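# coords please:
(2 chains)
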Amino acid sequence: MDVVKAVLEKHQKELDKYKPITVEKHLECRIDVGSLLITDPNDFDDRQLANNKEEYLAALTRENTQLLVNAIWELPTERVDESIVAKLPEPTTVLPRLRKPPGPRPLTKWEKFAKEKGITKKKKDKKTYDDVLDKWVPTYGFKRAEAEKDKDWVLEVPENADPNTDMFQKKMDLRNEKVAKNEIQRMRNIVRAKKIDMPRSGYLGPEAASSNQLLTAVTVAKSSTASVGKFQSKLPKEKEARGLGVKELIPGGKRKASHITAQPEREANLDLIKSVLSKKPKIDVDKAISLQKQDERIEREAEGANRPAKKGGKKGKGSRKAVGKKPKGHQGQRAPGKKGQTGRKRR
Amino acid sequence: MSLLMIRKPKTRKGKKVLLAREPQLIESARTMLFVDGRKCGGHVKQCMKDLQQLKKPLVKVLNRKNDITPFDDPSSLEFLTMKNDAALFTFGSTSKKRPDNIIIGRIFENEVLDMFELGIKRYQAIAEFKTEKIGACVKPCLVFNGPKWAQTEELRRLRNLFIDMFHREKVESIRLQGVEHVLSFTVTDDMSVLMRSYKILLKKSGQKTPRIELEEIGPSADFSIRRTKIASEDLYKLARKQPKQLRVTKKKNLSTDALGNTKGRVHLGKQQTGSIQTRRVKALKKSPEEKRTDRQKKKVALRAAAAEALAAAD
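You can find the predicted model right below:
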C-alpha cells in the first residue's frame, strides 16, 4: 500500500513540474475527431472579452485545442515510415455534396427489348482471318478502314443498274444514312429518358425550321384529327408534304387497308363457295359477244389476205382490212403479246 | 458515359473533363473560386489573398473585375462556378454602401445553395504577424467558441460553411506531429464573427499527450454578418444525402467477444446421411491373416476348376 502511494505521489510531483493538460469546462464540448472539429457551447466571460479580447480568445482557444488534441492522442496509432500516424474515425459532420448522387442509368429502347428477350452482347474478336486477303485483319478500330479498302479495291456494278453509278459513293452514302439514323435514334432515346415532350415531326419552332419542315409540320397537324384529316378544308394553293419519312409521321399513315367489306361477311363467303362449287360456268355475256366478234374479224382478215393473192384488186367485203377502223379497247384487257393496230393512232 | 449527353466529346481529354463533371459516387475535394467585384481593394483584396494562401492548392482565382451583384442575380456566379468546376466561391467587393464586403457561398447542382455576406470590420493580414509560419497544405483544427453557434439556423449554416471551407480534404489518418494549425471562430453577443488563426506548439507534459501552447500567425479578422441567403430545409437535406452504396453493410457472421477476439460463424449445409461414403472404413478393413486365408481359398477353388476342366476335356 505504501509503495503504491509513494509511486503515485512521485508521479504527481513529476506532473506538477509541467503545466496541466486537463481542462475544466461547465458544459461538454462536442468533438468531431474525424474532421478535427470542436464546438464549445460554454458562455463567455464578458468582462474579460471586453477588456483583453485577444488574450482571452487565445486562452479559450488553447483550452479547446487541448481537449481536441487529447482526443486525437487517444486514437490508435501506427508507424508509417519514420512518423507516428493516428487513424482518424469517420467524420460526423455531414457536408453537402456538389451534385446529387448518381442514379441508375435509364435503359434505351434496345436495352429494354434485349433484357426482355434475354439477348446478351457477344464480344467481337479484335482480329479475324480474312481468306481473300490471306491475313489477320482487325474487325474494328485502328487500321480497319485500310483493311476494308484493301479488300474492296474494286466494286462490281450490278447488271440492272446504270453503268455510270459510282459504287464507292453509294457505299459511303449508305453508311452516312446509317450514321444519321443512329443519331436520330440516340436523340429519341435521350428524349425518352429525360421525358421531354417533343412534337412528332420534330418541329423546332418558326425560327429554326426550313420550309419543308414547316410543310411537314402542317401536314402532321392536319392529320391529327379523329378522321385522319379527311374533312379538313384546304387553302386554294396549299400543297401536301411529300418526301421520305412523311408517311410515318402521319398518324395511321402506315396502316394497311381494312379487310372489312361492304357486304356482310357471311354472304360474301357463301357467294364464294357457290361460285367455286357450282358446275355451271358463269357466263359473262358481254365478254362472249366481243370474243365472237373478234373471231369473225380474224377470219375475215385471213380471207382478205388470201383473195388479193388470187384475184388481185377486187374490193370485196373481205378485203376490207381494219385499216381505217377504230381500234377496239377490249374493255381494258389487252392480250399481252398482241401489238396494237399499226395503222391508226390511238387517242 | 452518361446516356443523356447530347454533344459527344471529340477528344480524349474532353471526354475526361466531361466525365469529371458528371455526378460521382465519391466526390473529389471541393475547390473554391475567387471572384472580384466591380471595385475590390484594400482589406478585401488582402483577405482574399490570405484565404487563397490557406486553401492552396484547392483554389481557382479569376483575375478580372466582374460587375456582378450575387444577391440580385446569382446566375453569373453559377455559370462561373460551373465552368471552373468549383463547389465554393468567394466574391469580394467594396462600395460606399457596403465597404469591405466579402460574400462566401457554396453550390449544389449548378445553383447557389447558401450565401453569406460578411463585412470586414477589422483585419490583420498574415504578413503583419512577424512570427514563424507553418508550411502549406496543412489540415487545420477548427474551434467554434460560443453558445450562439447552435442557436439560430443561420449560424448553424454558417458554421457548416466554415467547416466546408477550411477543412480541406477528408483524411483517414494524420501524423501526430502534423497537428500544427488551428482556426478559431467566435460569435459574440452583437453577432460579429471573430476569426483567429494560431500555430500549435506541442510542449512536454510528463505524459504521452503533450501540452498545447498557441502562437498567433495568419489572418485575424472581425466580420459582421450583413445579408444571408440560405437554402430551404428540403434542399439542404437533399444536398446532404449520401449515396446508398457508401453505406457500410455489417458482415453478419462476425462477432467480437469481451476479450476483443473476433469470432465467426461458418454455416455448413445439411448432411446427407443417406449417401455418406462407407467404403474403405478402417474398421471394416481386412487384417493380413484374413487376406491370406482369402487368397488360399481362391487358389483351391481355381485348382478345382482347372482339374474339372481337364477332366471334362478328356
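
# can you pull the contacts of the closest residue to residue B:93 other than its chain neighbours?
Distance criterion C-beta to C-beta, 6 or more residues apart in numbering or on different chains; nearest residue to residue B:93, sequence neighbours excluded, is residue B:37 at 2.6 Å. Glycine gets a C-beta too; all of them are placed from N, C-alpha and C. Contacts of residue B:37 were listed using C-beta atoms under 8 Å, 6 or more residues apart in numbering or on different chains, and they are B:65-68, B:91-94, B:101.

# closest to residue A:99 out of those?
Distance to residue A:99 across the contacts of residue B:37 (C-beta to C-beta) is lowest for residue B:91, with 21.6 Å.

# count of residues packed around the closest residue to residue A:165 other than its chain neighbours?
Nearest residue to residue A:165 in three dimensions, chain neighbours excluded: residue A:157, at 6.1 Å (C-beta to C-beta, 6+ apart). Neighbour count for residue A:157, taken as other C-beta atoms under 10 Å in any protein chain shown: 13.

# okay, buried residues for the helix or strand encompassing residue A:189 please.
Secondary structure from DSSP states H and E places residue A:189 in helix A:167-194. For helix A:167-194, a neighbour-count test (16 or more other C-beta atoms under 10 Å in any protein chain shown) marks A:189-190 as buried.

# where does the stretch 201-347 of chain A dip in pLDDT?
For the stretch 201-347 of chain A, the stretches with pLDDT under 70 are A:253-257, A:279, A:281-282, A:307-327, A:329-330, A:332-347.

# try 50
A:312-316, A:318-319 (pLDDT under 50).

# sec struct for the residue of it found nearest chain B, please.
For the stretch 201-347 of chain A, the residue closest to chain B is residue A:204, as judged by C-beta to the nearest C-beta, at 14.0 Å. Put simply, residue A:204 is coil when judged by DSSP: H, G, I helix; E, B strand; the rest coil.

# that one: how many residues sit nearby?
With other C-beta under 10 Å as criterion, residue A:204 counts 13.

# thinking again about what came up before, what's the distance between the residue nearest to residue B:93 and residue B:98?
Computed as C-beta to C-beta, to the nearest Å, the residue B:37 to residue B:98 distance reads 10 Å.

# helices along the stretch 151-300 of chain A, start to end?
A:167-194, A:211-222, A:246-249, A:265-277, A:285-310 (DSSP state H, counting those that start in this stretch).

# tell me what angle the host helix or strand of residue A:111 forms with helix A:167-194.
In this assignment (DSSP H and E), residue A:111 forms part of helix A:109-117. If you take axes from the mean of the first three to the mean of the last three C-alpha atoms, to 10 degrees, helix A:109-117 sits at 80 degrees to helix A:167-194.

# does any part of helix A:109-117 sit near chain B?
No: judged by C-beta under 8 Å from any C-beta of the partner chain, helix A:109-117 makes no contact with chain B; its nearest approach is 9.4 Å.

# what residues does that helix touch?
Under the contact criterion C-beta under 8 Å, 6+ apart, helix A:109-117 has outside partners A:107, A:119-120, A:185, A:188-189, A:192.

# between the residues you listed, which is closest to chain B?
residue A:189 (7.0 Å).

# and the residue lying closest to the closest one once chain neighbours are set aside, how many neighbours?
Nearest residue to residue A:189, sequence neighbours excluded (C-beta to C-beta, 6+ apart): residue A:108, at 4.5 Å. Number of residues near residue A:108 (other C-beta under 10 Å) recorded here: 17.

# pLDDT score assigned to residue A:108?
In this model, residue A:108 is scored at 91, pLDDT.

# same question for the one 3 residues further on.
Per-residue confidence at residue A:111 stands at 93 (pLDDT).

# which one of the helices of the stretch 151-300 of chain A lies nearest to residue B:51?
Closest approach to residue B:51 among the helices of the stretch 151-300 of chain A (C-beta to C-beta): helix A:167-194, 39.0 Å.

# now the closest one: how far from the chain's centre is it?
A distance of 9 Å separates the centroid of the chain from that of helix A:167-194, by C-alpha atoms, centre = their mean, to the nearest Å.

# now do that helix: which elements does it pack against?
helix A:109-117 (3 or more C-beta pairs under 8 Å, 6 or more residues apart in numbering or on different chains; DSSP states H and E).

# give the burial count for residue B:157, as a bare number.
Neighbours of residue B:157 (other C-beta under 10 Å): 18.

# what's the closest non-adjacent residue to it?
Counting by C-beta to C-beta, 6+ apart, the residue nearest residue B:157 is residue B:230, at 5.0 Å.

# can you map out the helices along chain B?
B:12-20, B:43-55, B:75-83, B:153-166, B:233-240, B:288-313 (DSSP state H).

# anything in the third one near chain A?
No: no part of helix B:75-83 sits close enough to chain A to count as contact by C-beta under 8 Å from any C-beta; the gap is at least 9.4 Å.

# then the fifth one?
Yes: among the residues of helix B:233-240, B:236, B:238-240 lie within reach of chain A under C-beta under 8 Å from any C-beta.

# now the buried members of these.
Here, 16+ other C-beta under 10 Å leaves B:236, B:238-239 buried among the residues of helix B:233-240 next to chain A.

# using TSV, lay out those together with pLDDT.
Converted to TSV, these look like this (pLDDT from 0 to 100):
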residue	pLDDT
B:236	94
B:238	93
B:239	93
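
# of the residues you listed, which is the nearest to chain A?
Once C-beta to the nearest C-beta is applied, the member of these that ends up nearest chain A is residue B:239, at 3.6 Å.

# so how far is the helix holding residue A:111 off the chain centroid?
On C-alpha atoms, centre = their mean, the centre of helix A:109-117 falls 13 Å from that of its chain.

# check what contacts stretch A:220-227 and list those residues.
Contacts for stretch A:220-227 (C-beta under 8 Å, 6+ apart): A:199-201, A:229, A:231-232, A:241, A:249-253.

# the residue nearest to residue A:189 reaches residue A:190, doesn't it?
No: the criterion here is C-beta atoms under 8 Å, and residue A:108 misses it with residue A:190 at 9.3 Å.

# how near is the closest residue to residue B:153 other than its chain neighbours to chain A?
Residue nearest to residue B:153 in three dimensions, not counting chain neighbours: residue B:230, with 7.1 Å by C-beta to C-beta, 6+ apart. Note on residue B:230: its distance to chain A, by C-beta to the nearest C-beta, to the nearest Å, is 12 Å.

# do stretch B:123-134 and chain A come into contact?
No: using C-beta under 8 Å from any C-beta, we find that stretch B:123-134 stays clear of chain A, coming within 10.4 Å at best.

# in that stretch, what's buried?
Buried-residue list, stretch B:123-134, by 16+ other C-beta under 10 Å: B:123-126, B:129, B:134.

# distance to residue A:79 added to the residues you listed, as JSON lines?
What follows is the buried residues of stretch B:123-134, written out as JSON lines (distance: C-beta to C-beta, whole Å):
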{"residue": "B:123", "distance to residue A:79": "42"}
{"residue": "B:124", "distance to residue A:79": "40"}
{"residue": "B:125", "distance to residue A:79": "39"}
{"residue": "B:126", "distance to residue A:79": "34"}
{"residue": "B:129", "distance to residue A:79": "35"}
{"residue": "B:134", "distance to residue A:79": "23"}
